[in-house]
Structure formats: C-alpha cells, structure tokens
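Undergrad: predicted coordinates and the sequence they were generated for:
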Amino acid sequence: MSTLVPKEPQNTLYATGYSHSLCGYPESCVFRYDGSAFHIWEPFNQIPEGNDRYVGTVFDFQGNTYMTCSLPDPVDGSGWVSFIRWNGTAWEHVPGWNTLSPIKDISIRNDTLYVAGTFTMADGGPGNLVAAFNGEQWNNMGGGLYYDPVPM
C-alpha cells in the first residue's frame with residue numbers, strides 16, 4: 001500500500017497500491033478506512049486474481065465509484081483494464097475509455113471529471129494526455145497536450 005485516496009473531499013478514505021496483506025486481512029489492492037480501522041473494500045473481491053494487480057486511486061463521481069488501476073478485467077474477463085467503475089452492484093467499463101495507458105491524476109470540478117495521464121488518442125484514449133468526462137462522454141479538451149519525445 002502506497003497511496004491514501006481520494007484527494008477530493010469525499011466520505012471514504014482508501015489505502016491503495018499493489019496487492020498486499022494489511023492488518024491481517026487477506027491480500028487486496030484496496031482497503032477502506034471506517035474511522036477506526038482499515039477493512040477490505042468488498043467490491044474489490046470481484047476482481048479476478050492476477051499478477052502485478054495495482055490500484056492507483058478510488059473516488060466517487062456522479063453516483064459511481066471509479067478506480068484507476070492495472071487489473072484483470074472484471075467485466076468480461078478479456079484482458080486488463082486501466083480505468084473501471086463500480087455502480088453499487090457490479091463493475092462496468094467506463095464509456096469511451098479504450099486504452100490501457102494509465103491515468104496519473106484526477107480532479108473533479110463543476111460536475112466534470114478531469115484526468116491526466118500517458119494516454120493519447122492514437123492509443124485509444126479519449127484525448128492527448130488530458131481529457132474531461134461528464135459521466136457518459138469524453139471531451140478531448142481542444143486536442144489535449146503534446147510534448148516532444150526525449151532523445152535517447
């Protein structure tokens with residue numbers, strides 16, 4: 001466990017990171033803090049086992065709980081996912097998120113989710129390095145950002 005999330009003021013605090021045992025609980029990538037102790041976050045138990053499972057951040061947005069990650073796909077079991085959401089009953093793919101490139105940071109402002117990461121439209125991302133999400137559709141924020149590759 002290496003991260004306490006979310007950064008946004010929300011009701012639940014999570015400890016996230018690579019799959020690990022914490023406080024005597026079975027291995028997990030997400031532990032929820034209830035004000036006095038950490039516990040396994042139950043929806044994570046529906047994630048298939050796999051090597052190098054990782055969760056970056058967990059946060060609530062428009063009634064769903066979102067998770068940035070590198071995990072076996074809990075929706076259809078066909079590969080891995082880097083961004084998924086929990087609707088209170090089941091895991092769902094985030095609409096329009098078609099890349100395994102990671103999200104590095106999130107911010108929620110005026111009912112819009114902003115994400116930044118290493119994704120590009122060329123690799124199936126909804127934007128170039130940044131994108132905005134209204135809960136169902138992405139906005140590439142004017143084409144996003146660009147940086148020159150570092151010479152090797």
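TA: Ah, there it is. Residues are numbered from 1 along each chain as shown.
Undergrad: quick check: the closest residue to residue 119 other than its chain neighbours vs residue 136, distance?
TA: What sits nearest to residue 119 in space, not counting adjacent residues and going by CB to CB, 6 or more residues apart in numbering, is residue 125, at 3.1 Å. C-betas here are computed from N, CA, C, even on glycine. In this structure, residue 125 and residue 136 are separated by 17 Å, where distance is defined by CB to CB, to the nearest Å.
Undergrad: neighbour count: the two, which is higher?
TA: In terms of neighbours (other CB atoms under 10 Å), residue 125 is the more surrounded of residue 125 and residue 136; the figures are 27 against 9.
Undergrad: elements contacting the strand or helix carrying residue 108?
TA: Assigned by DSSP states H and E, residue 108 belongs to strand 103-109. With contacts defined as 3 or more CB pairs under 8 Å, 6 or more residues apart in numbering; DSSP states H and E, the packing partners of strand 103-109 are strand 54-61, strand 64-72, strand 112-117.
Undergrad: then the second one to PDB, C-alphas only?
TA: Think strand 64-72. As requested, C-alpha coordinates have been extracted for strand 64-72 and formatted as PDB (Å, rounded to 0.1, in the frame of the first residue of the first chain):
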ATOM      1  CA  ASN A  64     -20.400   5.600  -9.200                       C
ATOM      2  CA  THR A  65     -17.100   4.700  -7.600                       C
ATOM      3  CA  TYR A  66     -14.200   4.900 -10.100                       C
ATOM      4  CA  MET A  67     -10.900   3.200  -9.900                       C
ATOM      5  CA  THR A  68      -7.700   3.900 -11.800                       C
ATOM      6  CA  CYS A  69      -5.800   0.600 -12.000                       C
ATOM      7  CA  SER A  70      -3.900  -2.100 -13.800                       C
ATOM      8  CA  LEU A  71      -6.100  -5.200 -13.200                       C
ATOM      9  CA  PRO A  72      -7.600  -8.200 -14.900                       C
END
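Undergrad: this completes my enquiry, with thanks.
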